[in-house]
Each structure stands twice: as structure tokens, then as C-alpha cells.
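Asker: got a predicted model here, sequence first, then my questions.
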Amino acid sequence: MATAAHMLSPLPQMSRAVAEWVNSVRELTRPRAIHWCEGSDAEAREITAQLVRSGELKTLNADFFPGCQLARSAPNDVARVEHLTYICTRSEEDAGPNNHWMDPQQAHAKMRELFRGCMRERTLYVIPYCMGPIDSPLSRCGVEITDSPYVVLNMLIMTRAGRPALERIAREGSFVRGLHSTGELDPERRFIMHFPEELSIESFGSGYGGNALLGKKCHALRIASWQARSEGWLAEHMLIVGLQNPRGETHYLACAFPSACGKTNLAMLIPPASLPGWRVFTVGDDIAWLHPGEDGRLWAINPEAGYFGVVPGTNPQTNRNAYEMIRRDTLFTNVALTADNQPWWEGLTSGTPTIDWQGRPYDPTRGPAAHPNSRFTVTARRNPSYSPHSEDARGVPITGLVFGGRRREVAPLVYEARDWQHGVMVGASVASETTAAAVGQVGVTRRDPMAMQPFCGYNFGDYWQHWLSLGAKLAQPPRIYHVNWFRRDAAGKFLWPGYGENLRVLAWMLDRCAGKAGARDAAIGRLPRPADLDTRGLDIRPEALAQLLSVDPLLWRNEVAEIRAYLARYGRRLPAALLSELAATEQRLG
Ligand code: SAT
Ligand code: MN
């Protein structure tokens, strides 16, 4: 039953803690007005209309893309800025060698000067939000204050934002405080600061996704990973997907891959026609919060309510679900336009770009038409494969965990860890080629443990110890796998077709978990023999498959040496168990 509008209490009166914080931010930033977000559709429509009037949003061709808008960022504000992202803990060692660190007092002082008066002539928006189903005990709440209406529109899609979240905050008392201003979008005055000991975030100078939508990477990964350690759970950079086999049984996998390595595509995979009877259900495409259940299994919720996905490459062949999903009510950022005002991006098989992502006439000599990190923001409910269990308060039970990276060589298509402890070592040694999701060189291989290098809010040494301790307490721990869809042959061609065909690898994992599929014991773990994979109807040469499932001892001895050198950076915080797992692998390599 709807509550009559006059019965609702005004938002500023609902939580004294939030109101006091908003007041202190108002005094510091001096906004012209304050807007408390209710979270209604009407509110989103009103803010959209206002941004269209001011020219900050462009309405796309409503015949083909109804309800869709285009936002263009500043050309120097198109990706996460890892070099300007800090973890501010009292002790530098708690942040660890995996993070940039700044003393909290120094960081607060620096940010106070940036925020002072920064919202003059602007509206201050208060966005109460809940990460996870609104009634789940596993969910956690936050409030973002921002002066960017674009950020508001994104947060309304990406989180459960508005009145119900503020009601929960008022009940619970505690919430993560996220303060954001786009400032002048000056890269010299841009910082993303995290204070895990205070459960707070301060972000200045960028309007881009991961830097500005504070519920996402800042809260749901960096701050939440810290909270998770003290409360006995895991906050991970993982998609969550349900796979229903032809017998009608559904199992869930949680898979960690670095940004722009295909999490969204895997989460909404379309089974190939040659594997009839399979169905795929998406629970999440980027972040998983994993909690030990009373039954000794791991249970996962997706803290997010929408997708902030990479646009280029999306087409009916690579990801038909995403392609259909983003045809209405979608906010596009930094894509190109066709002459009739449709969004266009590299990898589309139709249409011609006439205006590039910066709003200039398209000129191929100046690079791609759409920015390689152009994004769509859309509610998860528009996903044709959206799982009906996405809203379950207790989450979904996880059968397997999957780690992976983008590697031209070394890592085979798939292998299985021997047990949890070995699996933690496998996760800790993930490496991947960098992508356009973060500012910096693209295509260089770097260590990205558990795909959390940019997102773990504390020392990786302590994080791996937390993983080990948590697994030891699980009566039914998920099995752990490593995959690499990106292996290439000597000529540089991908050996594996990827996309929907990845289901063959996932099906092998689930059969392993059910005790049904075979494997061979290799030095690095257990690999399928070619006959263990269902390759019916798959167009692949036997030599390619053999190469995908091979382990080169020479390359791997070198890999082990690199992993050891990397892990050594964590000194006395590195769990000894990881080194003994590595030594055992080395011994098996001979
Ligand atoms: O910009 S985001 O951090 O939200 C996307 C990503 O890099 O994974
Ligand atoms: Mn991500």
C-alpha cells in the first residue's frame, strides 16, 4: 500500500547523524542549494530533463533508443586514476605495498582545502544508498554527497538509493560517508581518498565512474574489503552467474577478472546452439559480497543494482543480452554518434559514426570514434538473463570460484586448484594485461591478485591470510579455478573463441564439483584432457585445443620465480602457506 505523500517524513529529519554530516559539508563547500534524493523515477526524470536543458546530456534517437541519453566527460577524465587513489590508515603497513598511502590527518587537511567553497553556484545532492538487497542482513549502507547530477543519475541506477536506504540508515545508525565533488576536473587537483578506519571516502576532481560513483569501487570494494575482514566475510571483484544444466539443476559461480576483461559478458553469457538445454542467470557483473553460511557454504549477494559496463565490442554475436539491454533507458558515456543520433561504438556491425566521443566530426586518423572505455549505465532489471534470485536476502550459494586474467601465453585455458589453500595461492598469483579501464599504458602484464590490485582496501598480506582463515572454517568450501580466455598462438591469434563457448569450460568445472568430469594432474593444478571438455559442435583445431591445455615447464618455472619475487614485497605479513604452496608447485615442475 502506498503511503500518502503528506505522511512521509522529510528526508533531512530522518537521521540526525546524516543531517549533521550534511550540515558540516554544507558549511565547508558552500552550495547554492541542497537536494535530498528520494530515489523515485520522477526525480530521475526531472534531473535528466534539467541536464538535457543545460546541454550536459544529449537525448538519443528515441525511435531506436527510447529513454537513452549520452554524456560526454572531459577528455582527460575517462578512467580510474590508480596513481591518485589512496588508502589512508594510521599505520602505513596496514595499507600495504599494494596501495598508495597517505597519513589520514594529512589527507583530510589536503582534501579540506580542495573542498573549501567548491560547491558555490552548485547544488549539493545527498544520496542515501544501500549496497545489496534492501532487506538483506548482508547489505551495507552509505550516503554519497556530490555536486554532480550525472553522478546522481548513475547512483540511482547502480544502487538502491533514496528513502528506503535512509530509513535503514536511521535504524542501523552506521553508514559509509562518501564526499565527492567534480571540482574543476583538473588532473593536478584530483584525489580519491579512503579512510577505512573511519568508514569514509573523499573524492575530488573527477566525474568518471569508479572515481565518482562512490558506492561502487570505493565503498563496495575498498571500504567493504576492510569491513569484511573484521566481520568475517569477503568483498570481491567478482561477477556472480547461475548456470542451469539440461537436468534443470542450477549452480552459481563467482568469477574474478580485472576491469574490461569480460566479466559482464560472462555474467550474461548466451549458451551456444550446440549446447542445448543450458540456461544462464545473471546475479551480478562486477562485485560479490561472500558470506559463510550456517550450512558451511559460501553465499553471495551482488551489492549493486545496475551495470556500468564497457560499450565497445558489444554486439549481437558477443553479448546479445547486453546488446538488447542497452537499447532503452540507458545512460551512455563517451560513445560516438551516427548522423541520425544513434549511439555508435567500435565492434558494432552496422551504422556509421559521424561524431566522435568528444563531440567532434569523426576523423579516423584521430583514433577510435567511441572511447575504448566508454560505458553504459543501466538497471540490472533490463537484463534478459537477470536472475530471479538477485533480490534474495540470504544470497545464492557458491559452488565454484574462478580467477583469471588476460594473458597471451603461460596460463592455460583452465585449471583447478588442489584445495582451498592452493586456490588462494593461485588467486594471489593472477597476472593480467592492463586495459583502458584505468589511466596508464594498455597491454602491459602486471600482477593483479584476485583481480583486486586496484581495489583491496588493506595490505594484501593480511588479505590473503583472511582468505586462508575464512576457507579453513568452511565445511563445504567452493572449488577454485583459474581461466585464461585470451591465450594466443605464435601469430598473435586468439586460440579460444570465448564468449558463449566459455560455457564449455564452466560446464567442466560444475561437472568436476559434482564428481563427474575427469582431469589430469599437472604441476600447476588439474587440467581437463581434451576429451574431458564437451567440444561437440565447436569449431576448433585439435592442435589449438592441445596448446590451450598445455603447461610449459620452462615458462612456468620462470612464472614461479616472478610470483615469488612479487610475494616477497609483502614481507612478514605474507602468509607462509602461500610460499609453501609455491615451493610445492616448483617441485612438481621438476
Ligand atoms: O570505473 S569502474 O571502476 O567502475 C569500472 C572498472 O574499472 O571496473
Ligand atoms: Mn570492475
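Answerer: Sure thing, it's come through. Ligands and ions are numbered 1, 2, ... in the order given.
Asker: any idea what K216 is structurally, helix, strand or coil?
Answerer: At K216 the chain is in helix, as set by DSSP: H, G, I helix; E, B strand; the rest coil.
Asker: quick one: contacts for it?
Answerer: Residues in contact with K216, defined by Cβ atoms under 8 Å, 6 or more residues apart in numbering, are M158, G209, G210, D286, I287, E304, F308. In this view, the C-beta of every residue, glycine as well, is placed from N, C-alpha and C.
Asker: closest one to S432 out of those residues, please.
Answerer: The closest of those to S432 turns out to be D286 (Cβ to Cβ; 15.6 Å).
Asker: the spatially closest residue to the closest one that is not a sequence neighbour: what's it in contact with?
Answerer: Leaving aside its sequence neighbours, D286 sits nearest to K263 (Cβ to Cβ, 6 or more residues apart in numbering; 6.0 Å). Taking Cβ under 8 Å, 6+ apart, we find K263 in contact with M238, L239, C255, F257, D285, D286.
Asker: inside strands: which ones of the contacts of K216?
Answerer: Among the contacts of K216, the members falling in strands (DSSP state E) are F308.
Asker: which among the contacts of K216 gets closest to ligand 1?
Answerer: Each of the contacts of K216 was scored against ligand 1 by Cβ to the nearest ligand atom, and G210 proved nearest at 2.4 Å.
Asker: that older thread, among the contacts of K263, who's most crowded?
Answerer: When neighbours are counted by other Cβ atoms under 10 Å, M238 leads the contacts of K263 with 30 neighbours.
Asker: quick check: that one touching A256?
Answerer: Yes. The pair M238 / A256 is scored as a contact, 4.6 Å apart, by Cβ atoms under 8 Å.
Asker: which neighbours do these two share?
Answerer: By Cβ under 8 Å, 6+ apart, M238 and A256 have these common neighbours: L401, A451.
Asker: run through the residues that contact the residue nearest the centre of the chain.
Answerer: Centre of the chain computed as the mean C-alpha position; nearest residue by Cα atoms, centre = their mean is D286, 3.1 Å away. Residues near D286 by Cβ under 8 Å, 6+ apart: K216, H237, M238, L239, K263, T264, E304, Y307, F308.
Asker: mind naming the longest helix for the chain?
Answerer: Criterion DSSP state H: the longest helix present in the chain is helix 553-568.
Asker: who's in contact with it?
Answerer: Here helix 553-568 has contacts from 409-410, 428-429, 447, 523-524, 574, 578-579, 582, 585-586, 589-590, using Cβ under 8 Å, 6+ apart.
Asker: got it, and stretch 430-437?
Answerer: Outside stretch 430-437, the residues within contact range by Cβ under 8 Å, 6+ apart are 79-80, 210, 256-261, 310, 371-373, 403-408, 411, 440-451, 482, 486.
Asker: the stretch 351-500 of the chain against ligand 1: which residues are in contact?
Answerer: With the criterion set to Cβ under 6 Å from any ligand atom, the stretch 351-500 of the chain comes near ligand 1 through A437.
Asker: could you pull out the helices for the stretch 351-500 of the chain?
Answerer: Ranges of helices in the stretch 351-500 of the chain, per DSSP state H, counting those that start in this stretch, are 420-428, 460-472.
Asker: report the buried residues of the last one.
Answerer: Residues of helix 460-472 classed as buried: F460, G461, D462, Y463, W464, Q465, H466, W467, L468, L470, G471 (neighbour count, 16 or more other Cβ atoms under 10 Å).
Asker: how about stretch 274-282?
Answerer: Neighbour count says stretch 274-282 has L275, W278, V280, F281, T282 buried, by 16+ other Cβ under 10 Å.
Asker: same deal with stretch 336-355?
Answerer: By neighbour count with 16+ other Cβ under 10 Å, stretch 336-355 contains the buried residues 336-338, 341-346, 348, 351, 353, 355.
Asker: kindly reformat the residues you listed as a markdown table containing secondary structure, distance to H108 and pLDDT.
Answerer: Converted to a markdown table, those look like this (DSSP: H, G, I helix; E, B strand; the rest coil; distance: Cβ to Cβ, whole Å; pLDDT from 0 to 100):
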| residue | secondary structure | distance to H108 | pLDDT |
| --- | --- | --- | --- |
| A336 | strand | 41 | 98 |
| L337 | strand | 42 | 98 |
| T338 | strand | 47 | 98 |
| N341 | coil | 45 | 98 |
| Q342 | coil | 46 | 98 |
| P343 | strand | 41 | 98 |
| W344 | strand | 44 | 98 |
| W345 | coil | 40 | 98 |
| E346 | coil | 42 | 98 |
| L348 | coil | 46 | 97 |
| G351 | coil | 49 | 97 |
| P353 | strand | 45 | 98 |
| I355 | strand | 42 | 98 |
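Asker: and which of those is nearest to I223?
Answerer: For the buried residues of stretch 336-355, the nearest to I223 is W345 (32.3 Å; Cβ to Cβ).
Asker: and the gap between the closest one and S206?
Answerer: 22 Å (Cβ to Cβ, to the nearest Å).
Asker: got it, and H237?
Answerer: 20 Å.
Asker: these two - which one has more neighbours?
Answerer: S206 (29 against 25).
Asker: so how far is ligand 1 from the more buried one?
Answerer: According to Cβ to the nearest ligand atom, to the nearest Å, S206 and ligand 1 sit 10 Å apart.
Asker: just Y150 next, same as before
Answerer: Counting by Cβ to the nearest ligand atom, the gap from Y150 to ligand 1 is 14 Å.
Asker: what about that residue, neighbour count?
Answerer: Neighbours of Y150 under the rule other Cβ under 10 Å: 24.
Asker: burial of F376, as a residue count?
Answerer: Under the neighbour criterion other Cβ under 10 Å, F376 is assigned a count of 24.
Asker: before we move on, the earlier item: out of the helices of the stretch 351-500 of the chain, the one nearest R140 is which?
Answerer: Closest approach to R140 among these (Cβ to Cβ): helix 460-472, 17.3 Å.
Asker: what angle separates that closest one from helix 420-428?
Answerer: 150 degrees (axes from the mean of the first three to the mean of the last three Cα atoms, to 10 degrees).
Asker: what sits up against helix 460-472?
Answerer: The list of residues contacting helix 460-472 from outside it, by Cβ under 8 Å, 6+ apart, reads 94, 96-98, 225, 228-229, 232-234, 292, 420-421, 423-424, 427-428, 449-450, 452, 456, 477, 570-575, 577-578.
Asker: ok, and what's touching stretch 571-581?
Answerer: In contact with stretch 571-581 (Cβ under 8 Å, 6+ apart) are residues 93, 96, 421-422, 424-425, 428, 459, 461-462, 464-465, 468, 564, 567-568.
Asker: for stretch 157-171, same thing?
Answerer: 8, 11, 14-15, 17-18, 37-40, 43, 127-134, 141, 143, 155-156, 175, 213, 215-216, 304-306, 308, 331, 377-379.
Asker: among those residues, which lie within strands?
Answerer: Assigned to strands by DSSP E, the following of those qualify: 127-131, 141, 143, 306, 308, 331, 377-379.
Asker: ok, those residues vs ligand 1, which is closest?
Answerer: F308 (5.0 Å).
Asker: is the closest one in contact with A212, as I believe?
Answerer: No. At 10.8 Å, F308 does not count as touching A212 under the criterion of Cβ under 8 Å.
Asker: anything in contact with each of these two?
Answerer: The contact sets of F308 and A212 overlap at N154 (Cβ under 8 Å, 6+ apart).
Asker: more neighbours, these two?
Answerer: When F308 and A212 are compared for neighbours, A212 comes out ahead with 28 against 22, by other Cβ under 10 Å.
Asker: near ligand 1, which residues of the protein?
Answerer: By Cβ under 6 Å from any ligand atom, the residues of the chain that approach ligand 1 are R80, G209, G210, K216, K217, S259, F308, A437.
Asker: mind doing that once more with 8 Å?
Answerer: 79-80, 208-211, 213, 216-217, 237, 258-260, 286, 308, 310, 373, 375, 437-438, 454 (Cβ under 8 Å from any ligand atom).
Asker: which of those residues are close to ligand 2?
Answerer: S259, D286 (Cβ under 5 Å from the ion).
Asker: and the pLDDT for the residue nearest to the centre of the chain?
Answerer: Here the pLDDT value assigned to D286 is 97.
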